[in-house]
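*Asks:* Turn this into a structure:
(chains A and B)
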Amino acid sequence: MAIFCVKKLDTLMKALLFVVLLTSCTRELNECNGPEMDVDSLASLRETIDTTGPRAYLVVPNPIDATKEVSIQATDSRLESIMDPFQLSSLLSPSRLENTFLKIRIKTIKDELSTLASPNTKDGGFDYPVNDVHYSEVMAYYALNNMKRYVEKLGFSVLQNRPLYVMVRGNDENTPKDEVNAYYLHSRKDTTQPRKMILYGDTSHTPGVDRDVYWHEFGHLFNESISGDIGIDLAGENGATFTEGSALHECLSDYLAESLSDRGYIGKWIGRNFSSVKPGDPLRSALKKEDDKNRFSEVANFDSSGKNLDRYRMAEWCSRVLWDIRTQFVNETSKRGAFLSDRLIFSAVGLLKKDTSIRQFKEALTTADNEMHCGLHSKSIKNAFDSRGFTEGTALNIPLQVNSSAVAYAIEDEKLAKPKILAGNSAYFNLKITNPNSSLARNVRVTLEALDENLIPIVSTQGYGDLPAGTSILVSDKGGMDPFFASVSASIPSGSKATRIRYRLKVQMENGPTATTTGDFGL
Amino acid sequence: MKKLASLFILIATGFYLYQLKENVMAFAAFFDTTFTAQPKESTSQLITRQLAQVGLNSTEERRSPLEVANEAIQEKKAEWKIRDYHEMRAEEVSTPLGTRVTYSFFQDNIPVLDQSIQVVVSKRGKVLSIENNYHPLEKAEVNPADFSDAIFRLKDKFMISDSNKVRDPVLYPISGMSRPTLAFPVTVRTANGPEMEVLVRGNDGEILAKSPGRKEF
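*Replies:* Predicted structure coming up:
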């Protein structure tokens, strides 16, 4: 009897232990979901379903993705039959595409209102042919309003201390004929100016028609918003050709557009403007496998051709890392996973510092996951970076070796010329940076500093990526990379009376000590 | 007999689970200050201590993110050598993670560019990160400068947006220099290029910085 009781008691205790663990674990898992999320609202925003406002008829996201026809043009009459209705909410007036924050224009912020899109259907809707510039205005308002509402629903606030003007066809008499691009101007310093998005391209595949373009450009404003306007890429903003911060800015913008569209790539439409992009291929993809952007070393290691001084290469690599993380979230919970991923990734952006880096972003993701999800995804995050070859590098003891020479120049008849005086002219810097260590130098950057009032660094910082052991970066007007593309630069004040001007260069790497050198130059 | 033993075990189990429920609720109350369970008196002191350790207190109002951030940087002000002539102004941005408090710096009501301190405070009131981008710059000379004079030289090289609109000056620390200089931000355009921001020095119109926009490709 006693043995019987002991055996039963043992079973009972195990059962009770199981119940206690289950109860406490369940309680803990509930604590690890992060702030509550309105999944239904987020899902409807993804489907861009809105219930108020005039109707807009659009081919979403763009004619190629909507029809799966690579050769389709904006003038194709079939597009009219595949337009879907969307409702435009939050308009200040039902007859103008703007609200308190978002203002849609064609060429400039001063466009006459009478030249802009207005309702043209009986029920006050906007129904324009795809090749009409007014169609682009409608697409701009719909895309940006929808994206803003999505990120706000995720729990983020968008910087709205100045309005955002969107010029859907900024081409004018001063725009080069073949210019096709989209720009975001944050106007950090000139607070009299609004934030601006300007699209250029009067072509058969004009960017203004593509929802992805607006979503990507909004990503830049969003990145600045969440990071408290700290300047996660201040060096890039001030003219650096390459920095990890600039790559991250592009990566996050791409990811935002790719994730909300649930497609994993962008730019099949605008890619048709470039002969370097195969018709039907996207401009950038978080999914593509067969190319040279899958391993970090492929996009980060310094290459003497300058190939990797291209923020978009590292950005595309980075978007694949983020897509891997997103995939993990979606595998865990298909309904909410993508939203949880977006929320985590952009919460991490809120932890980034000035002139940030990929390493910092990885750490921020882990911190954000610890805080919101009890670190349940720390392994996934680590694996996503590791599996794509990201390494923080071995700690190095020896600073990089640097040789430099500065060359003063003037511009005469639009050509470089040797100046007769220093004052009022400029200087570029030849550089040779060598890694004497036996391991890779991570995230190499050069910063130019003035030592007195006779020098004004203009492009004060330049990034070079990772420098393998024993290799060198050569930037020189006598072989090597073009100093105007790949170096720091400065101007000399008109009032300078110096005959020799001094400067200091700091060469930094993420995994080792900083090297400092000084020099001077004259005529 | 077996049935009696089973019944006894069942009653004992029920009694134990009843006790366990109260303990689980008290356990959960450690981590959720909005939880409405009434913990047993013997555990209330423990809960108070636990809440205090994470910066929360069941008996006091939870501090605002700004208060937490202010406290976090207060003790560092001396270490960072924050100058008396630099005024700090805070702005807050909220994310699902918490609040990012950014302190910008001003001298004589003029913003000093590229100088800031940021504190990220979690929703639980924990400081997640502090970033100091402040340098103890010397006091700038703030002599009156005329905007139209300052941009005069720009007109040869650029088209200027809103050239008649007077900009507010800023103080800009040139890389390597310890004293910032008074400057005006202006949005300009070259003959065949897109818009960009430039900073021009107030007293002589020298260009101090150029910021082109971010392009998609």
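*Asks:* from chain B, which residue is nearest to chain A?
*Replies:* residue B:176 (2.7 Å; CB to the nearest CB). (C-beta placed from N, C-alpha, C; glycine too.)
*Asks:* Just list the residues touching that residue, thanks.
*Replies:* By CB atoms under 8 Å, 6 or more residues apart in numbering or on different chains, residue B:176 lies in contact with A:448-451, A:457, A:503-504.
*Asks:* Can you tell me the element the residue in chain A positioned nearest to chain B falls in?
*Replies:* Residue nearest to chain B within chain A: residue A:449 (2.7 Å; CB to the nearest CB). Under the criterion of DSSP states H and E, residue A:449 resides in strand A:441-450.
*Asks:* How about residue A:330?
*Replies:* helix A:311-332.
*Asks:* Please point out which parts of that helix sit buried.
*Replies:* Neighbour-count burial for helix A:311-332 flags A:311-330 (criterion: 16 or more other CB atoms under 10 Å in any protein chain shown).
*Asks:* Might one say that residue A:521 is in contact with residue A:419?
*Replies:* No: with contact defined as CB atoms under 8 Å, residue A:521 does not reach residue A:419; the gap is 11.4 Å.
*Asks:* List the residues that are in contact with both of these two.
*Replies:* Residues touching both residue A:521 and residue A:419 (CB under 8 Å, 6+ apart): residue A:408.
*Asks:* can you give me the helices in chain B?
*Replies:* B:2-29, B:41-53, B:65-74, B:77-80, B:147-150 (DSSP state H).
*Asks:* hmm, I was thinking of the stretch 101-250 of chain A
*Replies:* A:133-154, A:211-226, A:234-237, A:244-261 (DSSP state H, counting those that start in this stretch).
*Asks:* Give me the below-cutoff pLDDT ranges for the stretch 401-523 of chain A.
*Replies:* Within the stretch 401-523 of chain A, not a single segment meets pLDDT under 70.
*Asks:* Residue numbers of it in contact with chain B?
*Replies:* By CB under 8 Å from any CB of the partner chain, the residues of the stretch 401-523 of chain A that approach chain B are A:447-451, A:453, A:456-458, A:460, A:491, A:493-495, A:503-504.
*Asks:* If we use 10 Å, what do you get?
*Replies:* Applying CB under 10 Å from any CB of the partner chain, one finds that the stretch 401-523 of chain A approaches chain B through A:424, A:447-453, A:455-461, A:488, A:490-496, A:502-504, A:506.
*Asks:* which secondary element of the chain has the worst mean pLDDT?
*Replies:* In the absence of a named chain, chain A is used. When each helix and strand of chain A is scored by mean pLDDT, DSSP states H and E, helix A:2-31 comes last, with a mean of 56.
*Asks:* not quite, I wanted chain B
*Replies:* In chain B, no helix or strand scores lower on mean pLDDT, DSSP H and E than helix B:41-53, which sits at a mean of 40.
*Asks:* Just the C-alphas of stretch A:413-425, formatted as CSV.
*Replies:* As requested, the backbone C-alpha atoms of stretch A:413-425 are provided in CSV (Å, rounded to 0.1, in the frame of the first residue of the first chain):
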residue,chain,number,x,y,z
ASP,A,413,37.1,76.9,-67.8
GLU,A,414,35.5,74.0,-66.1
LYS,A,415,38.8,72.2,-65.9
LEU,A,416,41.3,71.4,-63.2
ALA,A,417,44.2,73.7,-63.1
LYS,A,418,47.2,74.5,-60.9
PRO,A,419,46.3,77.5,-58.8
LYS,A,420,48.4,80.6,-58.7
ILE,A,421,47.4,81.3,-55.1
LEU,A,422,46.0,79.0,-52.4
ALA,A,423,43.3,81.4,-51.1
GLY,A,424,39.8,80.7,-52.6
ASN,A,425,40.7,77.4,-54.1
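*Asks:* Okay, buried residues for that stretch please.
*Replies:* By neighbour count on 16+ other CB under 10 Å, the buried set for stretch A:413-425 is A:419, A:422, A:425.
*Asks:* From the chain's centroid, how far away is it?
*Replies:* Here stretch A:413-425 shows a centroid-to-chain-centroid distance of 37 Å under the convention CA atoms, centre = their mean, to the nearest Å.
*Asks:* so where's chain B uncertain?
*Replies:* For chain B, the stretches with pLDDT under 70 are B:15-61.
*Asks:* just the strands in chain B please.
*Replies:* B:87-95, B:98-107, B:110-122, B:127-132, B:159-160, B:170-172, B:181-189, B:195-201, B:207-212, B:214-215 (DSSP state E).
*Asks:* With mean neighbour count added, can I get those strands in TSV?
*Replies:* Listed next are the strands of chain B as TSV, based on neighbours: other CB atoms under 10 Å in any protein chain shown:
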stretch	mean neighbour count
strand B:87-95	17
strand B:98-107	23
strand B:110-122	23
strand B:127-132	18
strand B:159-160	16
strand B:170-172	24
strand B:181-189	23
strand B:195-201	23
strand B:207-212	21
strand B:214-215	20
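*Asks:* All set, thanks.
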